[in-house]
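**Q** what would the 3D arrangement of this be:
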Amino acid sequence: MAAVTSIVLNDAQVAPVAHTFVPTGPDDKGIWWFEDQSTASAIGYNKISISLVKPPRATPGTVSSSQRRNRVQIGIWTPKLETLGNNSAGYVSAPTVAYVPSVTIQMDLPERSTRQDRRDLRGYTTSLLGDPLVCDAVDDLRNMY
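**A** Below is the predicted model of the structure:
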C-alpha cells in the first residue's frame, strides 16, 4: 500500500504552472480526494479522485477467474467560477460555479493480468493523451476525417 502524498500536475499554459493537490482523505465510499487549494474560494478548488475497487473474495461457485477484475477510477474536476453581479451599494455576491470541465478514466484490470500488463496500459494511456489526434479533439473540438 502506497503512502498518501500530494500530487503535483502541470497545467497547459504557455508557461506551465505546477499545481499541488493535497490529500483531503477518503470519503464514505473509500474514494480518495485531493484538492488544489490555490484559489481564494473552496468552491473553486480543482479536485482529483482516485478509487480502487477489488473483486470480492473468491468462493466456490463464483465467477471464473477470467472475469474477476480490479477497477481503478481516476477523475479530475476543474470548476470555473463566476460572480453574478453587484448592487449600487458595492455589494459583490459570492462566486458560484458556472461550469465544471472534467475527465474520468476507468481501468478494468483482470486479476490474472501481470504487473507489466498494467504498466503497459498506463503507459499507453499517458501516450494517448498526448497524441495529436486526441489533442485536436480535446483542445480544438476537431473531429477526425
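
**Q** longest helix anywhere in this protein?
**A** helix 115-129 (DSSP state H).

**Q** how far away from the center of its chain is the next helix or strand after it?
**A** As assigned by DSSP states H and E, the chain's next helix or strand after helix 115-129 is helix 132-139. Relative to its chain's centre, helix 132-139 lies at 18 Å (CA atoms, centre = their mean, to the nearest Å).

**Q** tilt between helix 132-139 and helix 115-129?
**A** 60 degrees (axes from the mean of the first three to the mean of the last three CA atoms, to 10 degrees).

**Q** dig out what residue 74 forms beta bridges with.
**A** residue 50, residue 105 (DSSP bridges).

**Q** count of residues packed around it?
**A** 15 (other CB atoms under 10 Å). Glycine gets a C-beta too; all of them are placed from N, C-alpha and C.

**Q** which residues does it contact?
**A** The contact partners of residue 74, taken as CB atoms under 8 Å, 6 or more residues apart in numbering, are 48, 49, 50, 104, 105.

**Q** can you flag the buried ones in these?
**A** Buried by 16 or more other CB atoms under 10 Å: 48, 49, 50, out of these.

**Q** now, which of these sits nearest residue 140?
**A** Top of the list for closeness to residue 140, among the buried ones among the contacts of residue 74 and by CB to CB, is residue 48 at 24.8 Å.

**Q** wouldn't that closest one be in contact with residue 33 here?
**A** Yes: between residue 48 and residue 33 there is a contact under CB atoms under 8 Å: 7.3 Å.

**Q** so what are the domain limits for the chain?
**A** The record assigns the chain these domain ranges, following automatic domain parsing: 1-53+69-81+95-111, 113-145.

**Q** which one of the ones you listed lies closest to residue 89?
**A** domain 1-53+69-81+95-111 (18.7 Å).

**Q** centre of the chain to the closest one, how far?
**A** 5 Å.

**Q** okay, now the unreliable bits of this structure?
**A** Along the chain, the parts satisfying pLDDT under 70 run over 1, 61-66, 86-88.

**Q** can you tell me the closest non-neighbouring residue to residue 69?
**A** residue 108 (4.9 Å; CB to CB, 6 or more residues apart in numbering).

**Q** noted, bye for now.
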